[in-house]
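K.L.:
build me a model from this:
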Amino acid sequence: MKKISDISLIVCGFLLLLGSCMEPDRTIVLNNPHNIRGVVSYKRSFNDLNDVQLATAKRIGIRPIASRKDAEDEVESSHLTRIAPCERYDVDSLTHSIPYLIPKAGALLDTIGVNFLDSLKQKGLNPNKIIVTSVLRTKDDVKRLRRTNGNASLNSCHFYGTTFDVSWKRFVKVEHPEGRPMQDVGADTLKMVLSEVLRDLRKADRCYVKYELRQGCFHITAR
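P.N.:
Numbers count the residues shown, from 1 in each chain. Purely as a prediction, here's the structure:
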């Protein structure tokens, strides 16, 4: 009987040990921020005005689309790239635009998303995704937008599928693959890291960037 009892104790101990080993790690993943510099001035660093962006948009983009109804046919014939929430970026609820870009602009958006995630990792920050807030607009979209936003231009770069807006106020926190809680990263810190990514791509002649204060976004046109 003693022998059976000893074996039972060993089995119970093994099962307890196995259970503790299999218990998921629930400790919080902390940030370890370092080497975060941002840019000297958002307004001075990202001051590519509409005229500059528009000239490139007209040269490499599609012809403006009149309405959402016309957009269905135009999207197919223009070989536009559809954008959707993915592991590289998120897409806002688009009330005044449709989720399409020319391939060059789609590739630029992918690069921004990837570089931003890579930069956060290198700087010891928990992952967050950028949010795209505006993409391709029809002429009808701009007319409707101007009713609530007087800054919306009738000569918009968004007509050409070359241009998109990325929020600097809001980001999407990426969940840990094993369900561990993640320490938040402040929006100001994320904005600084994003500005470094955009600065480097702008210096490499990949894009034009305008810092939009009132709209809370970076207005970006592919080159």
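K.L.:
please count neighbours and contacts with C-alpha atoms only from this point.
P.N.:
OK.
K.L.:
what about the strands in the protein?
P.N.:
For the chain, the strands defined by DSSP state E cover 81-82, 89-91, 100-101, 128-134, 163-167, 172-173, 207-212, 217-222.
K.L.:
output the ones you listed as a markdown table; include the columns distance to Tyr42.
P.N.:
Below are the strands of the chain laid out as a markdown table (distance: least, CA to CA, whole Å):
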| stretch | distance to Tyr42 |
| --- | --- |
| strand 81-82 | 29 |
| strand 89-91 | 22 |
| strand 100-101 | 25 |
| strand 128-134 | 17 |
| strand 163-167 | 14 |
| strand 172-173 | 22 |
| strand 207-212 | 6 |
| strand 217-222 | 10 |
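K.L.:
make a markdown table out of those and add mean pLDDT and mean neighbour count.
P.N.:
As requested, the strands of the chain are exported to a markdown table (pLDDT from 0 to 100; neighbours: other CA atoms under 10 Å):
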| stretch | mean pLDDT | mean neighbour count |
| --- | --- | --- |
| strand 81-82 | 94 | 16 |
| strand 89-91 | 98 | 21 |
| strand 100-101 | 97 | 26 |
| strand 128-134 | 98 | 24 |
| strand 163-167 | 98 | 25 |
| strand 172-173 | 98 | 14 |
| strand 207-212 | 98 | 22 |
| strand 217-222 | 98 | 26 |
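K.L.:
for Leu117, which of those is the nearest?
P.N.:
Of all the strands of the chain, strand 128-134 sits nearest to Leu117, with 6.8 Å by CA to CA.
K.L.:
what's that closest one packed up against?
P.N.:
strand 89-91, helix 103-122, strand 163-167, strand 172-173 (3 or more CA pairs under 8 Å, 6 or more residues apart in numbering; DSSP states H and E).
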